[in-house]
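S.K.: here are the coordinates; sequence isn't available:
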């Protein structure tokens, strides 16, 4: 976990790797809860018996579940001693789902600060996320997430 004094010190780390999170096991309970929250109950996610004979040999997490974990992982990478008055998820630039996350897999996020840009409303940060799967050569996903931090 890296600690920065404030958003300006974070901005000065542009181009740097900010760190990696702890591993998180993606359980069937988490997959089922996401299916309930989104209404996406496709058998590859929730039907263990059918999924066992399917293309992945087990159930897999929804791609959007894997993407939503960025919110869970974020506070594990860095902290600000002086928090901004407000932080807003501003959007995503690039998202690619490269490999399914099988139930029981462990994933973590590696984060790099791509850009920090001054706007009229605050600092706009572009963070490159790589959600890694333990033991896998390819990551589950890569994404550029935008966060607006108002000092």
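M.R.: Noted; the coordinates are in hand. Predicted, not measured: the structure shown is a model, and the values here were computed from it.
S.K.: List the buried residues in stretch 8-15.
M.R.: 10-11, 13 (16 or more other CB atoms under 10 Å). Quick note: C-beta positions are derived from backbone N, CA and C, even for glycine.
S.K.: low pLDDT regions in this structure?
M.R.: Along the chain, the model assigns pLDDT under 70 to no residue.
S.K.: May I have the secondary structure class of residue 50?
M.R.: helix (DSSP: H, G, I helix; E, B strand; the rest coil).
S.K.: if we can go back for a sec, residue 147: which of the buried residues of stretch 8-15 is nearest?
M.R.: residue 10 (10.2 Å; CB to CB).
S.K.: next one: the helix or strand in which the closest one is found to chain centre, how far?
M.R.: Residue 10 belongs to helix 7-11 when assigned by DSSP states H and E. Helix 7-11 sits 21 Å away from the centroid of its parent chain (CA atoms, centre = their mean, to the nearest Å).
S.K.: about what we covered before: dump the buried residues of stretch 8-15 to CSV, plus distance to residue 88.
M.R.: Output for the buried residues of stretch 8-15, formatted as CSV (distance: CB to CB, whole Å):
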residue, distance to residue 88
10, 15
11, 16
13, 20
